[in-house]
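Student: Generate a structure from the sequence data that follows.
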Amino acid sequence: MWVYPEIRTLGDFPDYYARTHPDRVALKAGGEAVTFSDFERISNQVAHLLLAHRAPPDALIGFLGKNGFDFYFAMFGCAKTRAGFVVLNWRLAAIELAAQIDDSETRLVIVEREFEPLWAEACRLLSGNAPEVIWIDAREGLARLVSTQPATRPETAVSEEDTAIQLYTSGTTGRPKGVMISHGAINRMRLCEHLEPAYEWRDGDSFINALPNFHLLHIGITLQCLYNGVSITVVRQFDPAVVLAVIATERPSLLTLTPTMLQMLLDQPAAATTDFSSLRLTLYAGSPISLGLIRRAIAVMPCQFMQFYGSTESGGAASILRPLEHDLNDEARLQSCGRPLPLIEFKIVDSQGDTVPDGTPGELFIRAPSITKGYWRQPEATAAVLQYGWFRTGDIARRDADGLYYIVDRAKDMIVSGGENIYSAEVESAISLHPSVASVAVIGVPDERWGEAVKALVIPRVGCTIEEKELLDFCRGRLAHYKIPKSIEFVQSFPLVATGKVSKKDLRARYWAGKSRGVA
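Tutor: Numbering: from 1, shown residues only. Now for the predicted structure:
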């Protein structure tokens, strides 16, 4: 049944290819290359370093840094210790980062020197003691730091149901939720992909990864590639000019971007002269693609395109819109998130839990072998979304007569801006702290570049006056940059539903008139 029976846990990935293809390049960046033999050795040495710091076998070990060899060494080294790997979001404000550290109870964190000011401020805001830190930088990366450690794998038993990776997704109450992804779930996700004919892996394939490493989009495609022995060219962070240059020099065959990133890439003047002929497949996720953008992309990048839909909790892509389903003469179909992968089931239900007929919107439930173990130390939140083997996505979806699924609304008014998931309640909570704000409602409005932009509608307190710039300045330091509203509008009242809650559907209506807000 398994593609590679020898691979059962995350730590087995580099070890398998070190045995079978030791000289194959696993990672590339800045003219340097790491073979699978190197990868196995360095990840083993990192594991010994972490164990030397007395990290408990079932603890969580954090990483705060951008894309680079060290991220991969740390993730796979951690997997060999039985500790879970917590990827911290370097884009967060210090207070948000502190909340993740507090929640995870991480006692050991690998931190890049670039983020020393952010780390220091976050530690100042912790409710308990600050974790121990292993500092890394360009001069003292992990490979050099661990060079004296044993090169053999530690004799630590790792169970398939141990947590391999923990990623944080923001809750609507503002409390972070750590999504636990087990070694077994990662392996079973690879099986789902292997049984899907649209996924094809070829000898000599290479992938360029400029996605943020704290997203499942980055983690998921990374694990797909390394499981299948595909070389990854690492780009430190997304910069369209840099990505174009890397495509021109490294000649990758695989690329994954959000539609916003794809548009930014094509907007670069250099895109007109870049040779994209090495690409055979571009995957995109985070939102559906517009007909204009996909036509433009196909004209400039003559390769196949594939969309996928999933969530952190699903452990990877739950459904895909396959290359052959990208019909340029059917814009409505391009709004679809496709069909479930093999071994994965979807159902759409009404408020009573009954399955609805095709064409009728309802809440989407997913059953998959890769579903999360749950939220770290939040049993009530876990019970609310994991029900009888199904994951309750909270997304409102419909299925058409051909079996294609469409996400027609985001639960809990989540905003998807440039592929980033932004919960309106988080932004509202920050703005509401201003003494001149009586009430606030945050919505997503159409934006040509970002898909959606964050907009705040504010009712000032009686007798108070407030300017937009003042509120935006107030948000800085309380919210990550990408969560700060792009615009603020002052109003006298909000439309309400019968229960007295703000009707965000009505608030959005005038901005979205004639436009589709369906996102994947």
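Student: What pLDDT is listed against residue 501?
Tutor: On pLDDT, residue 501 comes in at 62.
Student: any residues touching the top helix by length along the chain, and which ones?
Tutor: Secondary structure of the chain read by DSSP state H shows that its longest helix is helix 36-52. For helix 36-52, the surrounding residues in contact (CB atoms under 8 Å, 6 or more residues apart in numbering) are 11, 14-15, 17-18, 21-27, 34, 61, 72-74, 76-81, 83, 108, 134, 142-143, 145-147, 149-154, 156, 229. C-beta coordinates here come from the backbone N, C-alpha and C atoms, glycine included.
Student: Give me the next element, helix or strand, following that helix.
Tutor: Using DSSP states H and E, the next helix or strand after helix 36-52 towards the C-terminus is strand 60-64.
Student: next structured bit after that next one?
Tutor: Later in the chain than strand 60-64, the nearest helix or strand by DSSP H and E is helix 69-79.
Student: okay, the angle between that following helix and strand 60-64?
Tutor: 180 degrees (axes from the mean of the first three to the mean of the last three CA atoms, to 10 degrees).
Student: And helix 69-79, what does it pack against?
Tutor: Judged by 3 or more CB pairs under 8 Å, 6 or more residues apart in numbering; DSSP states H and E, the packing partners of helix 69-79 are strand 25-29, helix 36-52, strand 60-64, strand 84-87, strand 108-112, helix 142-145, strand 231-234.
Student: again, only this time at 6 Å
Tutor: helix 36-52 (3 or more CB pairs under 6 Å, 6 or more residues apart in numbering; DSSP states H and E).
Student: any idea of the mean pLDDT for the helix it packs on?
Tutor: For helix 36-52, the per-residue pLDDT averages 97.
Student: Could you do stretch 221-238 as well?
Tutor: 96.
Student: cool, and stretch 184-194?
Tutor: Regarding stretch 184-194, the rounded mean pLDDT is 96.
Student: Just the C-alpha atoms of it, please, in CSV.
Tutor: Only the C-alpha atoms of stretch 184-194 are listed here, as CSV (Å, rounded to 0.1, in the frame of the first residue of the first chain):
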residue,chain,number,x,y,z
GLY,A,184,1.1,9.2,10.8
ALA,A,185,-1.1,11.9,9.4
ILE,A,186,1.8,13.2,7.3
ASN,A,187,2.5,9.8,5.9
ARG,A,188,-1.2,9.0,5.2
MET,A,189,-1.5,12.4,3.4
ARG,A,190,1.3,11.2,1.1
LEU,A,191,-0.7,8.1,0.4
CYS,A,192,-3.7,10.1,-0.7
GLU,A,193,-1.5,12.1,-3.0
HIS,A,194,0.2,8.9,-4.4
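Student: quick check, distance from that stretch to the centre of its chain.
Tutor: 17 Å (CA atoms, centre = their mean, to the nearest Å).
Student: Show me the contact partners of it.
Tutor: Under the criterion CB atoms under 6 Å, 6 or more residues apart in numbering, residues 3, 10, 160-161, 164, 199, 223, 227, 315-316, 341-344, 369-370 lie in contact with stretch 184-194.
Student: Likewise for stretch 103-123?
Tutor: Applying CB under 6 Å, 6+ apart, the contact partners of stretch 103-123 are 53, 55, 60-65, 74, 86, 90, 94, 97-98, 130-137, 176, 178.
Student: Quick check, pLDDT for the residue nearest the centre of the chain.
Tutor: Centroid-nearest residue in the chain, with CA atoms, centre = their mean: residue 215, separated by 2.3 Å. If you check residue 215, the pLDDT there is 89.
Student: ranges for the helices of the stretch 351-500 of the chain?
Tutor: 379-385, 424-432, 468-475 (DSSP state H, counting those that start in this stretch).
Student: Which elements pack onto the first one?
Tutor: In terms of contact count using 3+ CB pairs under 6 Å, 6+ apart, helix 379-385 is assigned the packing partners strand 374-375.
Student: Put the buried members of the contacts of stretch 103-123 into a PyMOL selection.
Tutor: Buried members of those, defined by 16 or more other CB atoms under 10 Å, are picked up in PyMOL with:
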select buried, resi 55+60+61+62+63+64+65+74+86+90+94+97+98+131+134+136+176+178
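Student: hey, what's residue 458 bridged with?
Tutor: Taking DSSP bridges as the rule, residue 458 bridges to residue 440, residue 490.
Student: Run through the residues that contact it.
Tutor: Under the criterion of CB under 6 Å, 6+ apart, the neighbours of residue 458 are 437, 440, 488, 490.
Student: Let's see if you can find the most crowded of those residues.
Tutor: For those, the largest neighbour count, defined by other CB atoms under 10 Å, is 25 neighbours, found at residue 440.
Student: per-residue confidence for that one?
Tutor: What the model reports for residue 440 is a pLDDT of 88.
Student: Would you mind confirming that it makes contact with residue 431?
Tutor: Yes - at 4.6 Å, residue 440 and residue 431 qualify as touching, with contact defined as CB atoms under 6 Å.
Student: joint contacts of those two?
Tutor: Here residue 440 and residue 431 have residue 456 as joint contacts, going by CB under 6 Å, 6+ apart.
Student: hmm, back to that, residue 397 is nearest to which of the helices of the stretch 351-500 of the chain?
Tutor: Set against residue 397 and scored by CB to CB, the helices of the stretch 351-500 of the chain come closest in helix 379-385, at 15.5 Å.
Student: List the buried residues in the closest one.
Tutor: By neighbour count on 16+ other CB under 10 Å, the buried set for helix 379-385 is 381, 382, 385.
Student: Output these as a markdown table; include the columns pLDDT and distance to residue 117.
Tutor: Converted to a markdown table, the buried residues of helix 379-385 look like this (pLDDT from 0 to 100; distance: CB to CB, whole Å):
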| residue | pLDDT | distance to residue 117 |
| --- | --- | --- |
| 381 | 94 | 32 |
| 382 | 96 | 35 |
| 385 | 95 | 36 |
